[in-house]
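S.K.: structure here, sequence nowhere to be found:
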């Protein structure tokens, strides 16, 4: 039969000599595809899942439309198009193909680069080259359908970052139950690819990395499903591979045995598995949490304990040198600690605390049980640190509450006249370790200057001449072996370290961040901290209070298991790798992310694979538990399914960790080059395998719809302070940015790479008001200054800092409504707090700022800077550097970047 017969109107068929089959062309747009077009209306892609996939709403209940706001903290992807009153500006952007104007590639006539179209309209027509393999898939399931887009004509749409990852389509009967929670929510565990290639060769052909992005201890916000707890201490595990029973195992032998989903071993069901111990009667097996939930926590029996669960221990090391007192750090820290004593986890009244002050000497505070007073003991010998008393230095929080409150109330006054300059941070750490090493726990170190005396003393190595050169990466590596050696000693004794750094000058963040890095802690940095600025004091107090109140996992070890044929090959994050795949974490904070690379060692024969993360830990109220996170992903022999299943959020998280690793082992330039080369490899692989151009040159830059935002995320990473090419970035800021890049979970990392940008003056009237899911946020704009209007008010935020951009022609009423000032001229730029005013617009703007600070997981409380369009150049440039799609300094615009990629991809073709 002639393929041109029975075609819908507007379609033609041509014989393709290379592939020996017909290619179908939509004559009005030039769009091409291999499959015969269906009679009927063209396919829309306003559905959240990929076109052509089977939709399983029950599997995705936590990702129903609009609920992505709970995970990504943004507006519903079905929100109206980029807002704004007035006609769109007519802009000329060279090198773009406009709609229906393929023959005139120098024109763009749709209201500028970002045509103001409704959300999720038809795909851009230049390419929609479906591949010939897309009908091949495993286990008879209908696989993910590949949607190709041309990056040159399809600009980034920030709303796409709020979509869930490509759907995980498991074979029928892969799970024991129909529970919607049987596969892990992506906020706990997600894979860079949601259809795993069966061979390493196929994975290599795609050039995509295979890795897991994990946040096993992410916080549970209001309205989210809590992690179910199995309290009967009946834990079923595979005898061979030690996998925990989960929704993906099979029951055999009339339900008396179960087959492991990892290694296929047949195991006996534990005797009490079907017994309800609370009611002392037979129980319902199918109601057990571990068979219905992918994320579950078990109360561990005694065989999971090396020793009885220890109490939570907090040792606070407070710098009281002249710099720390003058900045107000000591006063703010002690007041915050005093106000948050009730929030420190202490449900069982076993929590112990110690306060140790230091400058160039160490100041211990001895508190007798039931006493209301403390005695200060000074140790000046910092070369051989010792404890001045064997007891009463580490005290029970409940029993010694009155004395601790009295001490915190007067600590700042005790040292207010202190003129000693210098810091014995190393000896203070050693003393804190001696206090708590028999038990373990958390050291919280607050320091306002470079360690200068005793063990771990550092010298300033900040040299402006080497910034921006090949030698700059040496400033990002630890200057002294003391901190890594000490950190490993801490890890061995179950001691974790959090660092709060406040210096107004160079503090060597790169070296001090070693301690949290190897002990599963976290680094917090407050450059040029000054508590007399209320914004500084509020930010630190909020974050410090959040850390104090955080329920932490103590004495934790984490292991990730995977199905036969897969192996965990390398690990990124804050922990110490104790053996080949056992990660030691003395105290796991909430909302910390980890990335684990996975290698395909042998051909995978099963229709789906399972990844299981298990964290054995002690809760901070003394209960030994195991948190288990299980996710299953189908396997495929189809390259198109591999591409169609790629998760661009997980990929960007993986690339951020790899980029930091490369910058430390090599040079910053090597890190940037590696990111660029990796993008070229992926685009080349896609072009040669999935498009009609094959290995020839192409006027397009093709990539699948589900990875459309990956190039701009990688560009955001290349422009991030941690990686960016510049001779102006202080090493401390760069080192802190790298610490964030390797610890933030995906939900917080993505805005750090691709900030949120909102127009406030022209936002829809419902924005800033309370809707069904809390405050309604404005629709996000693409990150380009083309969107800035002179009379406008804009919010730009990356999760760490917020900028309120005020256009120079802003009308006096707007200035009065938001800032309570008569005109733009009297408005001052800089770090600020918005006044609470009694008018609807002020209330809406304040609500949006507040929601921005609260919507993501973690303790971070971003500063707000007011930026005037004609204000101070450094502040303006800092704010504008967040608009990553613009050209900045030596860094390309997004359009230049993808044109460079296209040239390289065509040049790489052979």
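M.R.: Good, I have the coordinates. As the structure is a prediction and not an experimental result, all values here were calculated from the model. Numbers count the residues shown, from 1 in each chain.
S.K.: make it CA atoms for all contacts and neighbour counts henceforth
M.R.: Fine.
S.K.: quick check: the closest residue to residue 565 other than its chain neighbours vs residue 183, distance?
M.R.: In space, residue 565 comes closest to residue 602 once its chain neighbours are excluded; the distance is 4.8 Å by Cα to Cα, 6 or more residues apart in numbering. When distance is defined by Cα to Cα, to the nearest Å, residue 602 is 25 Å away from residue 183.
S.K.: looking at these two, which is more packed in?
M.R.: residue 183 (25 against 13; other Cα atoms under 10 Å).
S.K.: what packs against the helix or strand hosting residue 715?
M.R.: Following DSSP states H and E, one finds residue 715 within helix 710-718. Packing partners of helix 710-718 (3 or more Cα pairs under 8 Å, 6 or more residues apart in numbering; DSSP states H and E): helix 648-665, helix 668-690, helix 746-753, helix 894-908.
S.K.: so how far is the first one off the chain centroid?
M.R.: So that's helix 648-665. Helix 648-665 sits 11 Å away from the centroid of its parent chain (Cα atoms, centre = their mean, to the nearest Å).
S.K.: contact partners of that helix?
M.R.: With Cα atoms under 8 Å, 6 or more residues apart in numbering as the test, helix 648-665 has contacts from 161, 165, 190-192, 209, 211-213, 473-474, 476-477, 572, 595, 668-672, 674-675, 706-707, 709-710, 713-714, 717, 722-723, 738, 741-742, 746, 749-750.
S.K.: give me the buried positions along that helix.
M.R.: Using 16 or more other Cα atoms under 10 Å as the burial criterion, the residues of helix 648-665 that qualify are 648-664.
S.K.: return the distance of the helix holding residue 715 from the chain's centre.
M.R.: 15 Å.
S.K.: buried ones in that helix?
M.R.: In helix 710-718, counting by 16+ other Cα under 10 Å, buried: 710, 711, 712, 713, 714, 715, 716, 717, 718.
S.K.: go ahead and confirm the second one touches residue 680.
M.R.: No - judged on Cα atoms under 8 Å, residue 711 makes no contact with residue 680 at a distance of 9.8 Å.
S.K.: what about residue 348, neighbour count?
M.R.: Residue 348 has 12 nearby residues by other Cα under 10 Å.
S.K.: show me what contacts it?
M.R.: 621, 622.
S.K.: same question, residue 353
M.R.: Contacts of residue 353 by Cα under 8 Å, 6+ apart are 313, 314, 315, 316, 394, 395, 396, 397.
S.K.: nearest to residue 618, of those residues?
M.R.: residue 313 (12.4 Å; Cα to Cα).
S.K.: how close does that closest one get to residue 540?
M.R.: 22 Å.
S.K.: neighbour-wise, which of the two wins?
M.R.: Using other Cα under 10 Å, the more surrounded residue of residue 313 and residue 540 is residue 313, with 27 against 24.
S.K.: in the stretch 151-300 of the chain, which spans are strands?
M.R.: 189-191, 196-197, 211-214, 229-230, 250-252, 257-259, 266-268, 275-276, 281-282, 295-299 (DSSP state E, counting those that start in this stretch).
S.K.: could you dump these to TSV with distance to residue 243, mean pLDDT and mean neighbour count?
M.R.: Output for these, formatted as TSV (distance: least, Cα to Cα, whole Å; pLDDT from 0 to 100; neighbours: other Cα atoms under 10 Å):
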stretch	distance to residue 243	mean pLDDT	mean neighbour count
strand 189-191	17	96	27
strand 196-197	20	96	26
strand 211-214	17	97	24
strand 229-230	16	94	18
strand 250-252	13	93	16
strand 257-259	11	94	19
strand 266-268	11	95	18
strand 275-276	22	85	16
strand 281-282	25	86	11
strand 295-299	14	96	23
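S.K.: between those, which gets nearest to residue 702?
M.R.: strand 196-197 (21.4 Å).
S.K.: assign residue 353 to helix, strand or coil.
M.R.: Classification of residue 353 by DSSP: H, G, I helix; E, B strand; the rest coil places it in strand.
S.K.: so who does the nearest residue to it once chain neighbours are set aside touch?
M.R.: Nearest non-adjacent residue to residue 353, counting by Cα to Cα, 6+ apart: residue 314, 4.8 Å away. Listed by Cα under 8 Å, 6+ apart, the contact set of residue 314 reads 351, 352, 353, 354, 441, 442, 443, 444.
S.K.: any stretches of the protein with poor pLDDT?
M.R.: 1-6, 15-21, 27-31, 34, 38-142, 908-910 (pLDDT under 70).
S.K.: and the longest strand for it?
M.R.: Longest among the strand segments of the chain by residue count, using DSSP state E, is strand 624-636.
S.K.: direction included, what does that one pair against?
M.R.: strand 196-197 (parallel), strand 295-299 (antiparallel), strand 608-618 (antiparallel) (DSSP bridges).
S.K.: so how far is the helix or strand just after that strand off the chain centroid?
M.R.: Next along the chain after strand 624-636, taking DSSP H and E as the criterion, comes helix 639-644. Distance, stretch centre to chain centre, for helix 639-644: 25 Å (Cα atoms, centre = their mean).
S.K.: just checking, what packs against helix 639-644?
M.R.: Looks like helix 639-644 contacts strand 196-197, helix 200-206, helix 668-690 (3+ Cα pairs under 8 Å, 6+ apart).
S.K.: most tightly packed of those?
M.R.: Using mean count of other Cα atoms under 10 Å, the stretch among the helices and strands packed on helix 639-644 with the largest mean neighbour count is strand 196-197, at a mean of 26.
S.K.: so which residues make contact with it?
M.R.: Counting by Cα under 8 Å, 6+ apart, residues outside strand 196-197 touching it are 203, 609, 633, 634, 635, 636, 637, 638, 639, 642.
S.K.: now the two most distant members of the residues you listed.
M.R.: 609 and 639 (17.1 Å).
S.K.: so what's residue 351 closest to, chain neighbours aside?
M.R.: Distances taken as Cα to Cα, 6+ apart place residue 312 nearest to residue 351, at 4.9 Å, with adjacent residues excluded.
S.K.: report the contact partners of the one you found.
M.R.: 345, 346, 350, 351, 352, 440, 441, 442, 554, 620, 621, 622.
S.K.: go again with 10 Å.
M.R.: Going by Cα atoms under 10 Å, 6 or more residues apart in numbering, residue 312 touches 344-346, 348-353, 439-442, 551-554, 587, 618-622.
S.K.: if any of these are buried, give me the ChimeraX selection for them.
M.R.: Filtering these down to the buried ones (16+ other Cα under 10 Å) takes a single ChimeraX command:
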select :344,345,346,350,351,352,353,439,440,441,442,551,552,553,554,587,618,619,620,621,622
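S.K.: rewinding a little: would you turn the strands paired with strand 624-636 into CSV with distance to residue 321?
M.R.: Formatted as CSV, these follow (distance: least, Cα to Cα, whole Å):
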stretch, distance to residue 321
strand 196-197, 55
strand 295-299, 45
strand 608-618, 36
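S.K.: which one of those strands lies nearest to residue 496?
M.R.: Nearest to residue 496, of the strands paired with strand 624-636 and by Cα to Cα, is strand 608-618 at 13.6 Å.
S.K.: and for residue 427, the neighbour number?
M.R.: 26.
S.K.: assign a three-state SS to it, would you?
M.R.: helix.
S.K.: from now on call the first residue 179
M.R.: In the new count, where the first residue is 179, that last one comes out as residue 605.
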